[in-house]
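Peer 1: sequence-free structure coming up:
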């Protein structure tokens, strides 16, 4: 659908707002807001309507809502004083009051169109993505090199993710300078996901926007804006590339998990079974890990050399071993799967990270674990899971500064990741080892907000509370720990985790003062 008003046109299919022939840059939520109020211009749209439709029912502050409405007005050269197109109805909401013409077929000319009908390609057997050339919004054609360089770096970074099928640069750049329909691009290139964006450079500042779209239905999975001082072009390109690649990986994986949930159970393959296992393993609790293992075993029965399935199986057995009774069977299976992940996953950063974590925690082989993490980072320096699991391992090894650094990197690369209770845990232990007890408590409690059932967080919360003389709070944390893990003992925990002496000496003394059993 195309909505035309004044000298503007809003193309819902292409998700483009134009003024005459000029393509205007608007954030995804602002576009959704505009589309909704124009479509419902015959009535007043309430705040609840906007939250339900644009934000899908999530909690949104008044400031956020006002900023998006102001951004929509600004894009249309409107204002809160003039209210020429978007009018505020006091205590009721807003209404689009401009005269609108609807057209089912877009009228905007597309430059360098492809001749003939677009042939569709079959989707590959793994997640697939195309990175389209970012639009240069600077009004200076000479700045194309900056936008193109950014996209090439992102394609290279995504190509390092073993489980992701990435369309080559030459095919993606066939769409340079063209207004595109993401669904058509998805069919033409045979991909499920599209990354598009824009670059606007003014003097020494640059604004880069990116959005990840599911090609089949145009659903937005992720969007972000980056504002930077452009003192070093290549440094900025590197920084943004790492951030974008790091954000896309977990978002695509989550979208794949949701997609597989909709498939019939009798039609899933080894990859699908792995995806179905992940939400259970991500709980980091024995019961969830056991459910995940059933699916991972099925995946490995189909593909015995599936490195990623071996990696997650190693982690699942580690979880059950650590918090499910320390049974020798889980100890042996964790190590066995970890070695298989290393053997078959030489090019898979996540498989190597999972293997390194399991070997480091269960077998206490920190040398092999460190080697696995180094290989993983060489493959994918923007992989948040490597830093996430690595931060926990180095914190138990007593390297406080590195634990905090890796934990903060994990949070920066994937700020909304469901696994972020692990880097918060590592940061908390690191801060405690450096004598920063208040900071340690704050970090650990942030982790508990994300996963209150993760018993290790309760273990580590005891120590800084004891150091600060907050004995009642420490005993309450110890009681919560025993409620989650009735078989917990100080000796069992230190033996299982293989904590470095520097950590053991200070942590175990605090545990005793809090009344935890030997």
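Peer 2: Thanks, I have the structure now. This is a predicted model, so every value here is computed, not measured.
Peer 1: after the strand or helix carrying residue 258, next one along is what?
Peer 2: Element membership of residue 258, judged by DSSP states H and E, is helix 233-261. For helix 233-261, the following helix or strand on the C-terminal side (DSSP H and E) is helix 270-281.
Peer 1: any residues touching that next one, and which ones?
Peer 2: 125-126, 253, 256-257, 260-261, 263, 268, 288-289, 291-296, 298-300, 302-303, 306, 308-309, 312, 315-316, 319 (CB atoms under 8 Å, 6 or more residues apart in numbering). No exception for glycine: its C-beta is placed from N, CA and C like everyone else's.
Peer 1: list the buried ones in the helix holding residue 258?
Peer 2: 236-237, 240-257, 260 (16 or more other CB atoms under 10 Å).
Peer 1: picking up where we left off before, out of the contacts of helix 270-281, which end up buried?
Peer 2: Applying 16+ other CB under 10 Å to these flags 253, 256-257, 260, 268, 288-289, 291-293, 295-296, 298-300, 303, 306, 308-309, 312, 315-316, 319 as buried.
Peer 1: how about residue 344: what's its closest non-neighbour residue?
Peer 2: residue 307 (4.0 Å; CB to CB, 6 or more residues apart in numbering).
Peer 1: ok, the one you found to residue 418 distance?
Peer 2: 22 Å (CB to CB, to the nearest Å).
Peer 1: between those two, who's got more neighbours?
Peer 2: Each of residue 307 and residue 418 has its neighbours counted (other CB atoms under 10 Å); residue 307 has more, 25 against 14.
Peer 1: residue 353 is in contact with that one, correct?
Peer 2: No. Counting by CB atoms under 8 Å, residue 307 stays clear of residue 353, with 11.5 Å between them.
Peer 1: give me the below-cutoff pLDDT ranges for this structure.
Peer 2: 57, 103-121, 125, 139-143, 162, 170, 233-234, 261-268, 416, 496-498 (pLDDT under 70).
Peer 1: now do the domain split for it, please.
Peer 2: Domain segmentation of the chain under automatic domain parsing yields 2-103, 128-249, 382-518.
Peer 1: filter the buried ones among the contacts of helix 270-281 down to just the ones in helices.
Peer 2: Counted as lying in helices by DSSP state H, out of the buried ones among the contacts of helix 270-281, are 253, 256-257, 260, 288-289, 291-293, 295-296, 298-300, 308-309, 312, 315-316, 319.
Peer 1: quick one: contacts for the residue nearest to residue 344?
Peer 2: Counting by CB under 8 Å, 6+ apart, residue 307 has contacts 340, 341, 343, 344, 345, 348, 351.
Peer 1: any of the residues you listed buried? List them.
Peer 2: Here, 16+ other CB under 10 Å leaves 340, 341, 344, 345, 348, 351 buried among the contacts of residue 307.
Peer 1: now the strands for this structure?
Peer 2: Secondary structure of the chain (DSSP state E): strands at 2-5, 8-11, 16-19, 22-24, 86-89, 93-96, 101-103, 128-131, 135-136, 165-166, 193-202, 205-214, 219-229.
Peer 1: buried residues in the longest one?
Peer 2: If you call a residue buried by 16+ other CB under 10 Å, then strand 219-229 has these buried ones: 221, 222, 224, 226, 228.
Peer 1: phi, psi of residue 452?
Peer 2: In terms of degrees, to the nearest 10, the main-chain angles of residue 452 are phi -70, psi -10.
Peer 1: ok, so what distance separates it from residue 445?
Peer 2: Applying CB to CB, the value for residue 452 to residue 445 is 10 Å.
Peer 1: residues near the closest residue to residue 487 other than its chain neighbours, how many?
Peer 2: Nearest non-adjacent residue to residue 487, counting by CB to CB, 6+ apart: residue 325, 6.6 Å away. Counted by other CB under 10 Å, the residues lying close to residue 325 total 12.
Peer 1: next: the one 10 residues further on.
Peer 2: Using other CB under 10 Å, residue 335 is surrounded by 20 other residues.
Peer 1: ok, back up a step: just flag the most distant two among the buried ones among the contacts of residue 307.
Peer 2: 340 and 348 (11.9 Å; CB to CB).
Peer 1: so what's the residue of the chain most remote from its centre up against?
Peer 2: Going by CA atoms, centre = their mean, the residue of the chain most distant from its centre is residue 99, 40.7 Å out. Applying CB under 8 Å, 6+ apart, we find residue 99 in contact with residue 5.
Peer 1: look up how far residue 294 lies from it.
Peer 2: Taking CB to CB, one finds residue 99 at 60 Å from residue 294.
Peer 1: what about the nearest residue to residue 165 once chain neighbours are set aside, how many neighbours?
Peer 2: With sequence-adjacent residues excluded and distances taken as CB to CB, 6+ apart, residue 165 is closest to residue 128, at 4.0 Å. Neighbour count for residue 128, taken as other CB under 10 Å: 21.
Peer 1: check residue 491 too.
Peer 2: Neighbours of residue 491 using other CB under 10 Å come to 10.
Peer 1: just give the number of residues close to residue 471.
Peer 2: Residue 471: 13 neighbours (other CB under 10 Å).
Peer 1: likewise residue 204?
Peer 2: Neighbour number of residue 204 under other CB under 10 Å is 9.
Peer 1: which residues sit in contact with it?
Peer 2: Per CB under 8 Å, 6+ apart, neighbours of residue 204: 229, 230, 231.
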